[in-house]
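Trainee: Okay, here's the prediction I keep looking at, along with the sequence it came from:
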Amino acid sequence: MDSVWIKSLKQGGGHSYHRRAFNHDYFAPFIYHIILKKTKDCECFGTIVGDARILPGLPGSADIEESKLGKIIAKAIVHLPYEFPILKQYQFRVMPDHVHILLQVLFRSDRHLDFYIDQLRTRIASKYSKLLGREVEDTDIFEIGYCDKPLFLKRSLDVLYNYIRHNPHRLAMRQQYPKFFQNIRKLRIEDVEYAAYGNLFLFRNPDKDAVKINKDSKPEEIQAKKAVWLSAVSKDTILVSPFISKAEKDIRTEAEAIGAKIIHIVHEAFPERFKPAAHDFALCSEGRLLIISLGLPIGTILTYPICFRMNALAKSIASGH
């Protein structure tokens, strides 16, 4: 059977949750954040239960009640390292329409990472077929391809572990209390307090990248950077930037068109009873936008030092501070 990677290439790739890390050695020992996406017609893997107002981990807090299929998926993930001792499973979370797995290849393998993910998908399909009493393919459950995020040195395993564990809380908050993202709140970054409006959970996402285009960049350089950022967006990376130049604004527009989540740095303070323009308000309500303000007086002219400060803040946020 073709690996899911080969199937993805045959389909042309490019879909969210399906991007792979370029120039990465998938036979080497490494830790990966794996995401498998449910097909449109497949039953949900589970439903949200509990109250998002209760802190994660406490009784009654938001969680996922797995469906029968969700339980099959969870059991297959737990058993995978027993079938392949070369693997170590740190954490996983079955969500209603996708699955997160924090998986480590312990030592160099003679098999590509695709093989192990393909085996997982095949085992899930086999168990589900027995449950339904009819033949089910893995592609009836999961979209073709998958997303992997190698855990490079700049990413914290603990931060990623907590991010995956708290997925139900963030989803429950979006579903149960959408107006939570329509308020100004305080956000402390490196001992400085900022005003923020929108989805604060974006700040906690461990996958963030700062967008900055130098004014002397050549068109081909801009296109190359844009391709990298759009690829990152397809893997659910958050783009952080003041989006000052036309090139940066264009990148934001294209990224939003493919479902990007954005952290936008602005220099002016939020006025009393602040509400962003319709476009940004809609993105905030959907949980796709967080606006962070430097708090400068309204009407402050945008200068080079202010731009430098905003880009420095974006870089700091993207690096995890």
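Mentor: Arrived safely, thanks for sending.
Trainee: Doesn't residue 169 lie inside a helix?
Mentor: Yes: checked against DSSP: H, G, I helix; E, B strand; the rest coil, residue 169 lies within a helix.
Trainee: For it, the count of nearby residues, please.
Mentor: If you count neighbours by other CB atoms under 10 Å, residue 169 ends up with 22. For every residue, glycine as well, the C-beta is placed using N, CA and C.
Trainee: Local confidence estimate at it?
Mentor: Model confidence at residue 169, given as pLDDT, is 92.
Trainee: show me where the stretch 101-250 of the chain has strands.
Mentor: Here the stretch 101-250 of the chain has its strands, by DSSP state E, counting those that start in this stretch, at 147-150, 184-189, 192-198, 208-210, 238-241.
Trainee: Adjacent strands (with direction) for the third one?
Mentor: The reference is to strand 192-198. strand 184-189 (antiparallel), strand 289-296 (antiparallel) (DSSP bridges).
Trainee: Also the last one?
Mentor: Taking DSSP bridges as the criterion, strand 238-241 sits next to strand 208-210 (parallel), strand 262-268 (parallel) in its sheet.
Trainee: Can you say which of those is packed in most?
Mentor: strand 262-268 (a mean of 21; mean count of other CB atoms under 10 Å).
Trainee: On the C-terminal side of it, identify the next helix or strand.
Mentor: Note on strand 262-268: by DSSP states H and E, the next helix or strand toward the C-terminus is helix 278-285.
Trainee: right, and residue 137 touches residue 125 too?
Mentor: Yes: with contact defined as CB atoms under 8 Å, residue 137 reaches residue 125; the gap is 5.9 Å.
Trainee: In terms of neighbours, single out the busier of the two.
Mentor: residue 125 (20 against 12).
Trainee: Can you tell me how far that one is from residue 47?
Mentor: Look at residue 125 and residue 47: by CB to CB, to the nearest Å, they are 22 Å apart.
Trainee: cool, residue 233 as well?
Mentor: Taking CB to CB as the criterion, residue 233 is separated from residue 47 by 28 Å.
Trainee: out of these two, which sits in the busier spot?
Mentor: For residue 233 and residue 47, the more surrounded residue by other CB under 10 Å is residue 233, and the numbers stand at 24 against 12.
Trainee: Relative to residue 260, how far out is that one?
Mentor: Taking CB to CB, one finds residue 233 at 4 Å from residue 260.
Trainee: can you list residues touching both of these two?
Mentor: residue 239 (CB atoms under 8 Å, 6 or more residues apart in numbering).
Trainee: Kindly reformat the strands paired with strand 238-241 as TSV containing mean pLDDT and distance to residue 85.
Mentor: Formatted as TSV, the strands paired with strand 238-241 follow (pLDDT from 0 to 100; distance: least, CB to CB, whole Å):
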stretch	mean pLDDT	distance to residue 85
strand 208-210	94	34
strand 262-268	97	40
